[in-house]
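> next input, structure requested:
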Amino acid sequence: MGPKPQEAPARCWRMRAILLAAGEGKRMRPLTAKRPKVLLPAGPEPMLHRLVRQLVQAGVVDITIVTHYQAKAIEASVGDGSQWGATVRYAPQGSPQGTGHAVAAGAPPEDEPFLALNGDVFLPEGTLARLVAAGPGSLLAAKVADPAAYGAFRLDATERVVGVAEKSDAPPSDLVNAGGYHCPPGFAARLAAVKPSPRGELELTDALQAAFDAEGGWQAVTVDGWLDVGRPWDLLEAGARALAELPEGRDGVVENGATLHGKVIVARGAHVKAGSYIEGPVYIGADSVVGPNCYLRPNTIVLDNCKVGNATEVKASLLMAGAHVGHLSYVGDSVLGERVNFGAGTLVANLRHDGKTVKTTQEGVRVDTRRRKFGVVCGDDVHTGINTSLNVGVMLPADGATTPGEVVLKSRV
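Now for the predicted structure:
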């Protein structure tokens, strides 16, 4: 769900966009065990769908998606682009050899400008229209508190981008690469001239540097509200930002005796039963059933075909399609994959006693979520037994299960 596509400006009718969607998203596990990262939801719609829609709204309707990991799933989800009024083609990257190789795999036009975009970023509405309007030789940039974790831009005296330092201990600015580029004619040749980097990859940043040097730098289009979706908990922030953009809508059934405060979006086919108490912003997807007598708190997103049962509380969480949370349960600050089923009385802890940020473990590596409140991440098709207790930061793998009354203190991924 999102704003309806606008009519494409005539002046942009020839412009092409290359969307990079080849990556597996290992840091998003266990959510990417059964789907590519770009199909994870940024609010009510998958990240890739959101970007395709935003491209069309910016007047760019000729789109090539570069694929590799679970390419068929991407093609099945996006299709030919006609649902947005776009023409979508697919270009397999083959063996991944770097970001420059990925853009080149999209066969960019040799003598025309084009857009290149990362497929795993959250961009506020209107951002791509601004990038198109900025013209060739421009790119998206975002100010962040920790530029050392990103590719930080180096600017000249006129504020043009003349270089990029990847994850430097001494970043040249707090303005970082936001993964969107309006490439000028001839950029395809710069991609073709790139040589393997010390790590053996064809880097997009090398082609950019060559363009900066030859063209006197590129214009930075600064983005407020950009989000690099790199870890499962980033989906919670993306969802909150998407909810803030959406208009209220009550197209589903809301029974007498249900109480809705603030912006609550009830999609067509959804059913909110009596006794439910909902504090917006909240999104309830098509064919989902909420209640009776449950409590949904702000920034909760319940996607299609979900069920939230009697006397259950859900706070600031994402329930992906087909997830069920049985009665007498609590879910806070958590991400539940598709078809997850929480047995009655499943309780999620989302706050440490010492008030410190929650840490979790992914593939044996300890990771700080930098969130004071964070619950659990469940891959697709997880089932919990009744009265299961899940500790803060627990991650359960796809198809995982717990036994009745089990207390899970550590991640299993």
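> tell me where the stretch 51-200 of the chain has strands.
If you assign secondary structure with DSSP state E, counting those that start in this stretch, the strands in the stretch 51-200 of the chain sit at 62-67, 87-92, 114-118, 121-122, 138-143, 151-155, 161-166, 175-183.
> G239: which of these is closest?
With distances scored as Cβ to Cβ, the stretch of the strands of the stretch 51-200 of the chain nearest to G239 is strand 121-122 (9.5 Å). Glycine gets a C-beta too; all of them are placed from N, C-alpha and C.
> what's in contact with that closest one?
42, 47, 50-51, 178-180, 225-229, 238, 241-242 (Cβ atoms under 8 Å, 6 or more residues apart in numbering).
> which one of these is nearest P397?
Nearest to P397 out of these is V229 (Cβ to Cβ; 20.3 Å).
> find the residue closest to the closest one in space, skipping its chain neighbours.
With Cβ to Cβ, 6 or more residues apart in numbering as the criterion, V229 has its nearest non-adjacent residue at 5.3 Å, and that residue is D120.
> residues near that neighbour, how many?
By other Cβ atoms under 10 Å, 24 other residues sit near D120.
> contacting residues around it?
Residues in contact with D120, defined by Cβ under 8 Å, 6+ apart, are 21, 23, 25, 37-38, 47, 179, 228-230.
> related to what we said a few turns ago, ok, of the contacts of strand 121-122, which come out buried?
By the neighbour-count criterion of 16 or more other Cβ atoms under 10 Å, the contacts of strand 121-122 include these buried positions: 42, 47, 50-51, 178-180, 226-229, 238, 241-242.
> which ones among those are found in helices?
The members of the buried ones among the contacts of strand 121-122 that map onto helices under DSSP state H are 47, 50-51, 238, 241-242.
> and those as TSV, adding distance to A192 and pLDDT?
As requested, these are exported to TSV (distance: Cβ to Cβ, whole Å; pLDDT from 0 to 100):
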residue	distance to A192	pLDDT
M47	29	96
R50	31	97
L51	26	97
A238	35	96
R241	37	96
A242	37	96
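> quick one: which two of the residues you listed are the most distant?
Checked with Cβ to Cβ, those reach their widest spread between L51 and R241, with 14.3 Å between them.
> show me where pLDDT drops low in the stretch 201-350 of the chain?
Counting by pLDDT under 70, the stretch 201-350 of the chain has no low-confidence residues at all.
> from the contacts of D120, pick the one nearest L260.
Looking at the contacts of D120 and their distance to L260, the nearest is M47, at 27.9 Å (Cβ to Cβ).
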